[in-house]
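[1] One predicted model, sequence on top.
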Amino acid sequence: MGEEQLTRDTLFHGRLICAQFKRGYRFSADAVLVAHFCRPGPADYIFDLGCGSGVIGLILAFRHPGARVTGLEVQEELALLAEENIRTNRLEARVSVMHGSLREISALVAPESFDLVVSNPPYRQPGTGRLSPTDQRARARHEIDANLAEVVRAAAFAVKNRGRVVLVYPAARLMPLTAALKNARLEPKRLQPVYSYPGSPEATLVLLEAVKNGGEKVQLLAPFYIYARQNGPYSEAMQTLY
């Protein structure tokens, strides 16, 4: 993979390195937020649906030394990049990547084989929103390779009974998200709205943790602010995540 095509970005004061395509899909704050929202057990098996360059799995493996992570990515060039990032960070013993489609989940993993499933799924329906300048970005951001219901079904298939599923999704589409989760027997348990900055008129994202066959009680967490103020720098809380 040509070095001229990549940037090498760092987290945790340079202790974690994530190569990304300069002109292809690049991870955003969404991935960092959802990785930190996860609460894996000390030796959990974690499944990252649509792992892209692998940043969520890298963060989870870095922060939780006993966790083991498997990523699934449908775009071959991103899957290969994720493998490179795993080697760069010397995490081969605990992190791996599969190239494949979550629409074929039953052929890729055993049912109920993961303690935690995490995903930063495509947000936009085909034909809506601004089209991405590259096919790689379009496939990562629009529901081309999988829609919301398919992502949720794959998560429900892979996660153990009473296991957790964690997603980040646009706040405006919270109702379709919760409906899809409940249809798959994934009960929302923790919900955190994410705002751009204090005083924002509405949340932009939600972080949601669901439990397979869990009860109906939901914990609504305090808002999270990405920026300290409008047009300002990252908030202190956001800087901490990086």
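    Arrived safely, thanks for sending.
[2] Helices of this structure, residue ranges please.
    29-37, 55-63, 76-88, 105-108, 135-141, 148-158, 174-183, 236-241 (DSSP state H).
[3] The shortest one: which residues count as buried?
    Buried residues in helix 105-108, counting neighbours by 16 or more other CB atoms under 10 Å, are found at 105, 108. Any C-beta I mention is one placed from the backbone N, CA and C, and that applies to glycine too.
[4] show me the contacts for residue 22.
    The neighbours of residue 22, taking CB atoms under 8 Å, 6 or more residues apart in numbering as the test, are 5-7.
[5] Which pLDDT value belongs to residue 123?
    On the pLDDT scale, residue 123 is placed at 76.
[6] Check the burial of it by counting its neighbours.
    Counted by other CB atoms under 10 Å, the residues lying close to residue 123 total 19.
[7] out of everything not next to it in sequence, what's closest to it?
    residue 170 (5.4 Å; CB to CB, 6 or more residues apart in numbering).
[8] Can you tell me how far that neighbour is from residue 30?
    Between residue 170 and residue 30 the computed distance is 10 Å (CB to CB, to the nearest Å).
[9] Identify the contacts common to these two.
    residue 205.
[10] Those two: which has the busier surroundings?
    residue 30 (20 against 16).
[11] what does the model give that one for pLDDT?
    With respect to pLDDT, residue 30 scores 95.
[12] so what's it up against?
    Going by CB under 8 Å, 6+ apart, residue 30 touches 120, 168, 205.
[13] Enumerate every residue touching the residue nearest to residue 99 when sequence neighbours are not counted.
    Among residues not flanking residue 99 along the chain, residue 79 sits closest, at 4.1 Å (CB to CB, 6+ apart). Residues in contact with residue 79 (CB under 8 Å, 6+ apart) are 51, 71, 73, 97-99.
[14] now residue 177
    148, 167, 169, 206, 208.
[15] same thing but 6 Å
    Going by CB atoms under 6 Å, 6 or more residues apart in numbering, residue 177 touches residue 169.
[16] centre of the chain versus the longest strand along the chain, how much separation?
    The longest strand of the chain (DSSP state E) is strand 159-170. Centroid separation for strand 159-170 versus its chain: 11 Å, with CA atoms, centre = their mean, to the nearest Å.
[17] So what angle separates the directions of it and helix 174-183?
    Strand 159-170 runs at 170 degrees relative to helix 174-183, counting by axes from the mean of the first three to the mean of the last three CA atoms, to 10 degrees.
[18] Which elements pack onto strand 159-170?
    helix 29-37, strand 114-119, strand 205-212 (3 or more CB pairs under 6 Å, 6 or more residues apart in numbering; DSSP states H and E).
[19] which residues of the chain score low on pLDDT?
    By pLDDT under 70, the weakly predicted segments of the chain are 1-4, 124-146.
[20] any chance of the helices of the chain in JSON lines, plus distance to residue 23?
    JSON lines is the format used below for the helices of the chain (distance: least, CB to CB, whole Å):
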{"stretch": "helix 29-37", "distance to residue 23": "18"}
{"stretch": "helix 55-63", "distance to residue 23": "18"}
{"stretch": "helix 76-88", "distance to residue 23": "12"}
{"stretch": "helix 105-108", "distance to residue 23": "29"}
{"stretch": "helix 135-141", "distance to residue 23": "8"}
{"stretch": "helix 148-158", "distance to residue 23": "26"}
{"stretch": "helix 174-183", "distance to residue 23": "30"}
{"stretch": "helix 236-241", "distance to residue 23": "26"}
